[in-house]
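Trainee: Predicted model, plus sequence, below.
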Amino acid sequence: MSGAVVDDIEVLDDVFGAPMNAALVHQVMVGQLANKRQGTAKVKTRSEVAGGGAKPRPQKYTGRARQGSIRSPQWRGGGVVFGPTPRSYRQRTPKRVKRQALKMVLSDKAREQHLVVVDELSISAAKTKELAQALNALEVGSSVLLVSDGTNDAVVRAARNIPKTRTLPVDLLNTVDLLNAASVVMSVDAVRKAERLWGGELVRIKRAAAGAEEEA
């Protein structure tokens, strides 16, 4: 991962050349974030707050407003009106829609030149310094998503200490992680696996190779 551009790589147009549909991507993103919510927020109503059984003062002749309980909503420490209760925020998004949104975001990264393809996403040892130097050579953005065809323990361990850097195998790739990353770095094997997973027609994008010298 030296950062030198050595070749173009042919990729499937259906995966890396899909036109953007912002509304569809937004729908998938909202659904994915909603499905991560626990939905356990809960407040107590006046019937659930402890105390308040006795009438706080006589109904009449005090010159003050009539009150029946110190746990009424207008009292400090009283119950809450229309507060949150446990609920499910889950949204069902069809697999076909999620797949299409994923291809749209990948394609947009490729069009904006925020997608970098390397021969191999690997380092000699699980050293953060080595991975950081490799990413600097690739001139990626402030937040990076490293996508491999499988789990690479050395890369995962090295990336843990680099802020805003995540690693994912290609089969766990999702719309939100792609949107959160300024740059995406994929290995050639990950690109080919993505094509097998999601299908299409060939286009060409630039490929950077590990250990290659800058072309004149």
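Mentor: Yep, it's here. Just so you know, these numbers come straight off a predicted model, no measurement behind them.
Trainee: Please state the backbone phi and psi of the nearest residue to Trp198 once chain neighbours are set aside?
Mentor: Spatial nearest neighbour of Trp198, excluding adjacent residues (C-beta to C-beta, 6 or more residues apart in numbering): Val15 at 4.9 Å. All C-beta atoms are positioned from the backbone trio N, CA, C, and that covers glycine. Torsion angles at Val15 (phi, psi; degrees, to the nearest 10) stand at phi -100, psi -40.
Trainee: Burial check on Val15, number of neighbours?
Mentor: For Val15, the count of nearby residues is 23 (other C-beta atoms under 10 Å).
Trainee: Please list all residues in contact with it.
Mentor: Listed by C-beta atoms under 8 Å, 6 or more residues apart in numbering, the contact partners of Val15 are Lys103, Leu106, Ser107, Ala194, Glu195, Trp198, Gly199, Gly200.
Trainee: Next secondary structure element downstream of the top helix by length along the chain?
Mentor: Across the chain, the longest stretch assigned as helix under DSSP state H is helix 95-111. The helix or strand immediately downstream of helix 95-111 is strand 115-118, counting by DSSP states H and E.
Trainee: where's Arg196, which helix or strand?
Mentor: helix 188-198.
Trainee: Compute the inter-axis angle for that helix and helix 95-111.
Mentor: Comparing the axes of helix 188-198 and helix 95-111 via axes from the mean of the first three to the mean of the last three C-alpha atoms, to 10 degrees yields an angle of 140 degrees.
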